[in-house]
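Student: Below are the sequence and a predicted model; questions follow.
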Amino acid sequence: MWESVKEFASEFFVTGDPLIYGADVSIVLSMIAIVSVLTYFKKWGWLWREWLTTVDHKKIGIMYILASVLMLFRGGVDALLMRAQLAMPEMQFLSGDHYNQIFTTHGVIMILFMAMPLMFGLFNVIVPLQLGARDVAFPFLNALSFWLFFSGAMLFNLSFVIGGSPDAGWLAYPPYSELAFNPGPGQDFYIWGIQISGIGSLMTGINFIVTILKVRAPGMTLMKMPMFSWSVLSSCIAIVFAFPILTVTLALLFIDRYLGGHFFTLDGGGNPMMYINLIWMWGHPEVYIIVLPAFGIFSEIVATFSRKKLFGYKSMVFAMIIISVLSFLVWAHHFFTMGSGADVNAFFAVTTMLIAIPTGVKVFNWLFTMFRGKITFETPMLWTVGIIPNFVIGGMTGVLLSVAPADFQYHNSYFLVAHFHQVIIAGVVFGFFAGLYYWWPKIFGFKLNERIGRWAFWLWNIGFYLCFMPQYALGLMGMTRRLYTYGWDKGWFEMNLVSTIGAVIMGAAFLVQIWDIAHSIKHMKRDTTGDPWNARTLEWSIPSPAPFYNFAVMPQVTSQDDWHERKLRIEQGLEKPAKVELEPIHMPKNSGIPIVMSMFWFFVGFGLIFDWLWMAVPGFIGVIGCMVVHSFNYDTDYYVTVEEIKRTEAEAGRVIT
Amino acid sequence: MANVNAGHHDHHPDQEELRTFAFWIYLMTDVILFATLFATYIVLQGSTDGGPGPKDLFQMNGIYASTFILLTSSFTSGLAILAMNKGNRLALMNWLGVTVFLGASFLFLEINEFMHLVSEGATISTSAFWTAFYTLVGTHGLHVALGLGWMIILIMQIAKRGITPVTKRKVNIISLFWHFLDVVWIFVFTIVYVMGVN
């Protein structure tokens, strides 16, 4: 009996690595800590009512951001482990297998469980406020999206200590990801972790398209809509077209592994190349899905801190739409070297180069917005300005890579690694940081400390250049990606050491940011104006943090940058703050179904990973049950009374008569 | 809720209209899902790996029957909508019931067909062609099964609540979904079966 338990445990839990034992201990300790703190302060009920069952887009956004910061930590630790292994030739720090697992999880976590939720977090906290809306179109669905993402992320992270991590790279190319070559549960964790959270992402895409197209304040035509909302719309359109392809691709891989199918196997007539086409038909648009909202953020920040209207509003909108369309026509540039032939390569090379045009338009628009503006360099603006050279270098190297013949040289080298990190860290992550610093006072009611924020900015940027500039050179010197060790004779030592030092500096920068948040929670003054940056769009016209119903009175929009124009008119005495009549507000009720249903999804995934139908089948029945229960529930909303609105507004420092 | 609402000009947009719009977007994602499956099917069409192919095993008579049944069920779901628009609750429930019956018959024939194919030695792991075949046709079947469960739940809700703006929207949406499955089946019929045996 004891022997069989031991045997099961040694297969079920990952054993034999001191790093993983350390992680086991810290996971157990932090679980105990969380449970005891919640029990000691009697906070379980509060947690359930205020957070776990909430349908308020602002709270859901905060949960997304919190989860993504945790994932940034996990993915960042992965990155540091890799850089430690590569710091010197012939290092013995990680084994080859462990290294494979780490670069796989690093990639998946950073793109799907860090960048995506950070982006959805910003969508959630800001878009309804910018549109002058009370919530997203479907608050229940929104909560469900979050919890599906959360279940998927937890499932994926669990592979680290249970069963073993996936190791076939962040896109899991077959045949290596097939059962014949990769029999462990790691690859199944990959499939189900991404599948479950991907369904959530798809629903978020639908939700925000409907929100943006249908739930805007009266008078806000599409061409008066703030640029961030435009960027969210274009990103969501790409989500809706791209994510079903991911769903299918992962399902097909699952059919191959679980039901013995032959889509991508080497035997039975399968075609591995089809997977590579399919995954990049999703994967390339995915890159633009995460970068477009960053473009929207830059546009908002540049206008606010230059005290000018955004230059070339219409060209910005068209550029974003063109990018989201073109992003679907470039996927084959990820495998120029795989024998598609000159005509196919030429087509995809040209479409790839074309993307540089709308992107260039956007960069010039930001520069022209700054031209003759009264620029101030608060942290959000600092990040935005810092991103411009980064993005120009990243874009240029992208154009270099898009030249099909030259790509035969750069392909799968560190040149490529440096390129995509430059676009994704310096474009996407820095962009979302800029957005976080910018909207932080709106979300939490106080600014982040400027001085510490500047430290973080400089550390991140110095670390970034130190880390990735050498990698361009290393790539040209012949160092390939996914390689876990190299000899002294290669001459790669110095550059790799500098690169690792850069990575450590970025790690320090992250800690400085966490310190900034902790410090600011304690010491920063509350923002009573609701508009600390003297900004231009609607979200700044209400108190910070926004009341749960957002707008006591629905705003009537007359122009682009409506809040800015209204402030000007009031200043010039052309308009008096309007006398308003409050009306009861229609609000959605909280619901426990999203979190419960996502837990059932977790059981489905976990059961299928370990081939435990006794767990997967009840899990699936639970999922269906939740849908049925929700379908029969017709009591999903309520009205906030005028008295409660008055009381809430008074507490936020606004008296409404 | 109507009494609270009375006398107020509510700026909240019409939820039922929003949901219908969102469902159209959802259908678009489903179009892409099926398009991807059709693409994989077409790529793997000839990859029978020396095993049986469509010409050897497809029995078209059963396919004609199930096609006819599914197309008819789309028609009866349309009759349900007409009954609903006339406010005839009983006829609405009856036509939905007929649709459920026809849909279930379609599924029954499909399962029969799959069982026949398996007994002839064509399983999902026989070759890439059969993997693609079962995945594509099975995904459509899964959608049909989902639609049936959904329709049954709706019939129960109409029995309980009658024709209200909410149930009306729900019936309109399921009917959209049902017609959509019909369109997908026409593609399955043409690309998989008719082109498969010719």
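Tutor: Perfect, I can see it now.
Student: just checking, A:Phe468 touches A:Ala418?
Tutor: Yes: between A:Phe468 and A:Ala418 there is a contact at 4.6 Å, judged by Cβ atoms under 8 Å. Just so you know, the C-beta spots here come from the backbone N, C-alpha and C atoms, and that holds for glycine as well.
Student: so where's the longest helix in chain B?
Tutor: helix B:128-161 (DSSP state H).
Student: Format the CA atom coordinates belonging to the helix or strand that it is followed by as PDB.
Tutor: The C-terminal neighbour of helix B:128-161 among helices and strands, as given by DSSP states H and E, is helix B:165-187. Only the C-alpha atoms of helix B:165-187 are listed here, as PDB (Å, rounded to 0.1, in the frame of the first residue of the first chain):
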ATOM      1  CA  PRO B 165     -39.100  40.300 -24.400                       C
ATOM      2  CA  VAL B 166     -36.500  38.000 -22.800                       C
ATOM      3  CA  THR B 167     -37.900  34.700 -23.900                       C
ATOM      4  CA  LYS B 168     -38.500  36.200 -27.300                       C
ATOM      5  CA  ARG B 169     -34.900  37.200 -27.700                       C
ATOM      6  CA  LYS B 170     -33.800  33.800 -26.500                       C
ATOM      7  CA  VAL B 171     -36.000  32.100 -29.100                       C
ATOM      8  CA  ASN B 172     -34.700  34.400 -31.900                       C
ATOM      9  CA  ILE B 173     -31.200  33.600 -30.900                       C
ATOM     10  CA  ILE B 174     -31.600  29.800 -30.900                       C
ATOM     11  CA  SER B 175     -33.300  30.100 -34.300                       C
ATOM     12  CA  LEU B 176     -30.300  32.000 -35.600                       C
ATOM     13  CA  PHE B 177     -28.100  29.300 -34.200                       C
ATOM     14  CA  TRP B 178     -30.200  26.600 -35.800                       C
ATOM     15  CA  HIS B 179     -30.200  28.200 -39.200                       C
ATOM     16  CA  PHE B 180     -26.400  28.700 -38.900                       C
ATOM     17  CA  LEU B 181     -26.000  24.900 -38.300                       C
ATOM     18  CA  ASP B 182     -28.000  24.300 -41.400                       C
ATOM     19  CA  VAL B 183     -25.700  26.400 -43.500                       C
ATOM     20  CA  VAL B 184     -22.700  24.600 -42.000                       C
ATOM     21  CA  TRP B 185     -24.300  21.300 -42.800                       C
ATOM     22  CA  ILE B 186     -24.800  22.300 -46.400                       C
ATOM     23  CA  PHE B 187     -21.000  22.900 -46.600                       C
END
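Student: Would you indicate which residues of helix B:165-187 are buried?
Tutor: For helix B:165-187, the neighbour count (16 or more other Cβ atoms under 10 Å in any protein chain shown) marks B:167-178, B:180-182, B:184-185 as buried.
Student: about what we covered before: which residues do A:Phe468 and A:Ala418 both contact?
Tutor: Counting by Cβ atoms under 8 Å, 6 or more residues apart in numbering or on different chains, A:Phe468 and A:Ala418 have no contacts in common.
Student: neighbour count winner among those two?
Tutor: A:Phe468 (26 against 23; other Cβ atoms under 10 Å in any protein chain shown).
Student: How about the contacts made by that one?
Tutor: So A:Phe468 contacts A:418, A:421-422, A:425, A:499, A:502 (Cβ under 8 Å, 6+ apart).
Student: Please repeat the previous calculation with a cut-off of 7 Å.
Tutor: A:418, A:421-422 (Cβ atoms under 7 Å, 6 or more residues apart in numbering or on different chains).
Student: nearest to A:Phe377, of the residues you listed?
Tutor: Distance to A:Phe377 across these (Cβ to Cβ) is lowest for A:Gln422, with 22.7 Å.
Student: Skip the chain neighbours and tell me the closest residue to that closest one.
Tutor: Among residues not flanking A:Gln422 along the chain, A:Gly394 sits closest, at 3.5 Å (Cβ to Cβ, 6 or more residues apart in numbering or on different chains).
Student: in what helix or strand does that neighbour lie?
Tutor: Counting by DSSP H and E, the element that carries A:Gly394 is helix A:379-402.
Student: So which bits of that helix are buried?
Tutor: Within helix A:379-402, the residues that count as buried by 16+ other Cβ under 10 Å are A:379-388, A:390-391, A:393-395, A:397-398, A:401-402.
Student: host element of A:Asp635?
Tutor: Of the helices and strands defined by DSSP H and E, none includes A:Asp635.
Student: Tell me how many other residues surround it.
Tutor: Residues near A:Asp635, counting by other Cβ under 10 Å, number 7.
Student: where does it land on pLDDT?
Tutor: Per-residue pLDDT puts A:Asp635 at 89.
Student: nearest residue to it other than its sequence neighbours?
Tutor: Looking at A:Asp635 with Cβ to Cβ, 6+ apart, the closest residue is A:Lys589, at 7.3 Å.
Student: Then A:Leu310?
Tutor: For A:Leu310, the spatially nearest residue (Cβ to Cβ, 6+ apart) is A:Ala303, at 4.3 Å.
Student: any idea which element the one you found lies in?
Tutor: Using DSSP H and E, the element containing A:Ala303 is helix A:272-306.
Student: Could you name the helices and strands sitting against the very next helix or strand once past that helix?
Tutor: On the C-terminal side of helix A:272-306, the closest following helix or strand by DSSP H and E is helix A:313-326. Counting contacts by 3 or more Cβ pairs under 7 Å, 6 or more residues apart in numbering or on different chains; DSSP states H and E, helix A:313-326 is packed against helix A:227-259, helix A:272-306, helix A:356-370.
Student: What is the helix or strand following helix A:313-326 packed up against?
Tutor: Going down the chain from helix A:313-326, the next helix or strand is helix A:342-354, by DSSP H and E. Secondary-structure packing of helix A:342-354 (3+ Cβ pairs under 7 Å, 6+ apart): helix A:379-402, helix A:404-410.
Student: a markdown table for the ones you listed, including mean pLDDT?
Tutor: Below are the helices and strands packed on helix A:342-354 laid out as a markdown table (pLDDT from 0 to 100):
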| stretch | mean pLDDT |
| --- | --- |
| helix A:379-402 | 94 |
| helix A:404-410 | 92 |
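Student: Let's have the ones you listed in JSON lines, adding distance to A:Pro272.
Tutor: Shown next, in JSON lines, are the helices and strands packed on helix A:342-354 (distance: least, Cβ to Cβ, whole Å):
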{"stretch": "helix A:379-402", "distance to A:Pro272": "23"}
{"stretch": "helix A:404-410", "distance to A:Pro272": "21"}
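Student: so which of the ones you listed gets nearest A:Tyr438?
Tutor: Nearest of the helices and strands packed on helix A:342-354 (Cβ to Cβ): helix A:379-402, 3.8 Å.
Student: After the helix or strand of chain B with the lowest mean pLDDT, heading C-terminal, what element do we hit next?
Tutor: Every helix and strand in chain B was compared by mean pLDDT, DSSP states H and E; the lowest is helix B:2-5, with a mean of 39. Downstream of helix B:2-5, the next assigned helix or strand under DSSP H and E is helix B:15-44.
Student: Wait, A:Phe602 touches A:Leu155, no?
Tutor: Yes: counting by Cβ atoms under 7 Å, A:Phe602 touches A:Leu155, with 6.0 Å between them.
Student: ok, these two, which is more surrounded?
Tutor: Neighbour count, other Cβ under 10 Å: between A:Phe602 and A:Leu155, A:Leu155 has more, with 27 against 23.
Student: Spit out the contact partners of the nearest residue to that one once chain neighbours are set aside.
Tutor: Using Cβ to Cβ, 6+ apart and skipping the chain neighbours, the partner closest in space to A:Leu155 is A:Gly193 (4.4 Å). Applying Cβ under 7 Å, 6+ apart to A:Gly193 gives the contacts A:152-153, A:155-156.
Student: redo that, cut-off 10 Å
Tutor: Listed by Cβ atoms under 10 Å, 6 or more residues apart in numbering or on different chains, the contact set of A:Gly193 reads A:108-109, A:112-113, A:151-159, A:166, A:250, A:602, A:605, A:609.
Student: Next: A:Asn142.
Tutor: A:54-57, A:60-61, A:120, A:123-124, A:128, A:135-136, A:200, A:203-204, A:207-208, A:211, A:588, A:594.
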